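Visitor: here's my sequence, what's the structure:
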Amino acid sequence: MNSIELFEAAGIYQENATEFVLEDTLKVSKYIDLQKIQNPNLDITVASYLTEALKNYPNELWFIAYNRILYNFFAKTNHSRNRFSTDRIVSVSNEAIQSFIEKYLLDELDSFFEQKVAQGKFEEIDDFLVVKEYLPQKSLDKLEVKLSEKFDFVLQTLEQNPMVNEVISINFIKYRSFYDLLSHFKSPQIDEKIKLLLNKMTGAHFNLGLQADFINPMMIAMGNYKAVDNDLANMLKFNKDQTTANTQKTSSSSSSALTTGGTIALVIIIIRLLLLMVRCSQ
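Guide: Take a look at the predicted model:
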């Protein structure tokens, strides 16, 4: 249990409250006493953290309590928008919220990022990063490293030229959520990894079955990455637009002159040419 979970469980939240009072601290003590009866080995450290926060960081606590995404995340609740007052404004800086989370909630945040990256659930992370401005840079840096390692794993897996049934663990490169998340940490280094992925997937000796399964959805999904390099950004957009158009043509006309295999071959040729042009322009 973290401090915000305890805040929720102890029933401290009040819609029109403007400050914390002694009764709030008593609610924390009462809740912990009841829990200790059921679990004598209960770690009560979190109670001291919340009591300290009530006394020393009231604005930060209220800010989180009135922010739907932050509160539901840390309290592990799913309160509707109706619970959160849109006209309740707490004067506190982004840096103060970052410091508060780093002081009391860092483990919770880092554990979430680590678990979701390991599971390939990038959309859940991307959805949460709508509150990125309030998150400690230390946690964001760790997340960036984890994503980079995940990308390295993809490239290492493809280096072995695996069969289709051997790449379940990297299926996420076919979906936009991976590239949306990478865009939060776009850099020349990530750009290079994107190019490497394109090179490997379109290589002349690469597994044709894997190309057929991955190339179209990957091209469309990869178009959502916001590259630092303008030439790469233009190429990704072109790839996405062309692949989308070719896919729609193939699916809408059974008499199309291009077969699915022919479409994929054409896409691969175009990508190779574009990659060559990007390299030549640098």
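Visitor: skipping adjacent residues, who's closest to the residue nearest the centre of the chain in space?
Guide: In the chain, the centroid-proximal residue (Cα atoms, centre = their mean) is Ile125; its distance is 2.6 Å. Closest residue in space to Ile125, ignoring its immediate chain neighbours: Lys116 at 5.0 Å, by Cβ to Cβ, 6 or more residues apart in numbering. Quick note: C-beta positions are derived from backbone N, CA and C, even for glycine.
Visitor: who does the helix or strand hosting that neighbour touch, helix- and strand-wise?
Guide: For Lys116, the element it lies in under DSSP states H and E is helix 106-119. Packing contacts for helix 106-119, counted by 3 or more Cβ pairs under 8 Å, 6 or more residues apart in numbering; DSSP states H and E, involve helix 122-128, helix 137-159.
Visitor: for these, which one ends up most surrounded?
Guide: Of the helices and strands packed on helix 106-119, the one with the most neighbours on average (mean count of other Cβ atoms under 10 Å) is helix 122-128, at a mean of 17.
Visitor: hey, C-alpha coordinates of it in CSV?
Guide: Provided in CSV are the C-alpha atoms of helix 122-128 (Å, rounded to 0.1, in the frame of the first residue of the first chain):
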residue,chain,number,x,y,z
PHE,A,122,2.9,0.0,-24.1
GLU,A,123,-0.5,1.6,-24.6
GLU,A,124,-1.1,1.6,-20.9
ILE,A,125,2.1,3.5,-20.3
ASP,A,126,1.4,5.9,-23.2
ASP,A,127,-2.1,6.6,-21.8
PHE,A,128,-0.6,7.4,-18.4
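Visitor: what mean pLDDT does that helix get?
Guide: Here helix 122-128 scores 97 as its mean pLDDT.
Visitor: what's the distance between that helix and the middle of its chain?
Guide: How far helix 122-128 lies from its chain's middle: 4 Å, per Cα atoms, centre = their mean, to the nearest Å.
Visitor: which elements pack onto it?
Guide: Secondary-structure packing of helix 122-128 (3+ Cβ pairs under 8 Å, 6+ apart): helix 106-119, helix 176-183.
Visitor: now those helices as JSON lines including mean neighbour count, distance to Thr25 and mean pLDDT?
Guide: Shown next, in JSON lines, are the helices and strands packed on helix 122-128 (neighbours: other Cβ atoms under 10 Å; distance: least, Cβ to Cβ, whole Å; pLDDT from 0 to 100):
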{"stretch": "helix 106-119", "mean neighbour count": "15", "distance to Thr25": "22", "mean pLDDT": "97"}
{"stretch": "helix 176-183", "mean neighbour count": "21", "distance to Thr25": "40", "mean pLDDT": "97"}
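Visitor: out of the ones you listed, which comes closest to Pro217?
Guide: helix 176-183 (9.2 Å; Cβ to Cβ).
Visitor: which helices and strands sit right next to the closest one?
Guide: Helices and strands touching helix 176-183, by 3+ Cβ pairs under 8 Å, 6+ apart, are helix 122-128, helix 137-159, helix 208-222.
Visitor: let's see 7 Å
Guide: helix 122-128, helix 208-222 (3 or more Cβ pairs under 7 Å, 6 or more residues apart in numbering; DSSP states H and E).
Visitor: redo these as a markdown table? Include distance to Ser99.
Guide: What follows is those, written out as a markdown table (distance: least, Cβ to Cβ, whole Å):
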| stretch | distance to Ser99 |
| --- | --- |
| helix 122-128 | 19 |
| helix 208-222 | 36 |
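Visitor: closest one to Phe100 among those helices?
Guide: Closest among those, using Cβ to Cβ: helix 122-128, at 17.0 Å.
Visitor: name the nearest residue to Ala53, sequence neighbours excluded.
Guide: Nearest non-adjacent residue to Ala53, counting by Cβ to Cβ, 6+ apart: Leu61, 5.5 Å away.
Visitor: for the one you found, pull up the helix or strand it's in.
Guide: Here Leu61 sits within helix 58-65, counting by DSSP H and E.
Visitor: for that helix, the averaged confidence score.
Guide: For helix 58-65, mean pLDDT rounds to 91.
Visitor: what is that helix packed up against?
Guide: Applying 3+ Cβ pairs under 7 Å, 6+ apart, we find helix 58-65 packed against helix 68-75, helix 94-104.
Visitor: may I see these arranged in a markdown table, with distance to Ser183 as well?
Guide: A markdown table is the format used below for the helices and strands packed on helix 58-65 (distance: least, Cβ to Cβ, whole Å):
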| stretch | distance to Ser183 |
| --- | --- |
| helix 68-75 | 19 |
| helix 94-104 | 21 |
